[in-house]
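1. Predicted structure and sequence below. I'll ask about it afterward.
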Amino acid sequence: MAVTMHRFANPTRFLRLAGAVQPWCVGLGVACLLGGLYLGLLRSPADYQQGETVRIMYVHVPAAWMALFVYANMALASAVALIWKHPLADIAAKNCAPLGAGFTVVALASGSLWGQPMWGTWWVWDARLTSVLVLLFLYLGYIALVNAFDDPTRGAKAGAILALVGSVNLPIIKFSVDWWNTLHQPASIMRMSGPTIHASMLTPLLLMAIAFTLIFVSLLLINMRAEIAERKIRTLRLAHGAEG
Amino acid sequence: MDGVGGFLSMGGYAVFIWPAYGVALVVLGGLAFGAVRRLRRSEADLAALEAGRPRRRAAQRDLTAEEAT
């Protein structure tokens, strides 16, 4: 296991792979985004209860899924970094955080803009909304913690522990709509009996979800490549300093 | 929905729907812009730094840099 892990731990191999995968992710992501926007904004019907506001769903739901998915990735990468001391896992976890925070902001803001016309309020301190706000603070706390140390490896370790502890919030968010009474509706896609929305709405929703996932992967790869270059620069500068 | 005006008015909910899409555009666009700028800058700095030092000594000295490569 450790041997196979270390084959992928090699940043040269990672950089080659990232360079090859990235254009496909960007291209496919943009295509899905355009398709999702076209179907979502122009071709899908208005909801019989919610009218046109249902179109907020095509931004809100994929962003909320990504907020959870990115955190799960960050926690997984943190676990790999702690257990196998995998240098790329540290870099992956660290660069997940700003992207996850971004998706969480989009989910919260679009949800608020949906809540006002449909529930009559921008915000309510119920289980789903509050647990997602906690998720945003976990992302921001992680970013602050990782950058609070002079020694980046110590920062990464502290951050990894925070990310793992914070992952208890993920099932709380997912099941908050079942465990507590909230204004937020329960799941209509991710349920055991299958999705309960019509294909004309499900198709743009899934296209947008694929688009957001590919945008996340693309931006993560770009940021990881940048961070590897930054670390090389730091090593070279330290070597320069030692020479002078 | 009739015509462009009808589409933009979104059945009277334009003030909620378009800002929701706008927030996504600004946040994701900002993250994308920042990521690309960061990569360009770091790769340019690295290329300048690597061009500015003799190759052989670099290879001998920077065992740590090789490991990080």
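-> Good, I have the coordinates.
2. how close does A:Gly194 get to A:Met208?
-> Distance, A:Gly194 to A:Met208, by C-beta to C-beta, to the nearest Å: 19 Å. C-beta here means a position set from N, CA and C on the backbone, and glycine is covered the same way.
3. swap in A:Val168?
-> A:Val168 is 28 Å from A:Met208, by C-beta to C-beta.
4. residue ranges with poor pLDDT in chain A?
-> A:1-9, A:243-244 (pLDDT under 70).
5. so where do the helices sit in it?
-> A:2-9, A:11-38, A:57-84, A:87-119, A:127-146, A:152-166, A:169-179, A:199-243 (DSSP state H).
6. on contacts alone, who are the packing partners of the longest one?
-> Here helix A:199-243 is seen to pack against helix A:11-38, helix A:57-84, helix A:87-119, helix B:14-51, helix B:55-61, helix B:63-68 when contacts are counted using 3 or more C-beta pairs under 8 Å, 6 or more residues apart in numbering or on different chains; DSSP states H and E.
7. looking at the ones you listed, which is closest to A:Gln49?
-> helix A:87-119 (8.6 Å; C-beta to C-beta).
8. what residue is smack in the middle of chain A?
-> Centroid check for chain A by C-alpha atoms, centre = their mean gives A:Val70 as the closest residue, at 2.8 Å.
9. so where's chain B uncertain?
-> Using pLDDT under 70, chain B drops low at B:1-2, B:53-69.
10. circling back to that earlier point, between A:Val168 and A:Met208, tell me which one has more neighbours.
-> A:Met208 (26 against 9; other C-beta atoms under 10 Å in any protein chain shown).
11. That one: what's it in contact with?
-> A:32-33, A:36-37, A:40, A:58-59, A:61-62 (C-beta atoms under 8 Å, 6 or more residues apart in numbering or on different chains).
12. How many residues are close by residue 29?
-> In the absence of a named chain, this looks at chain A. By the measure other C-beta under 10 Å, the count of residues near A:Gly29 is 20.
13. My question was about chain B, not that one.
-> Applying other C-beta under 10 Å, I find that B:Gly29 has 10 neighbouring residues.
14. Nice, that's everything, thank you.
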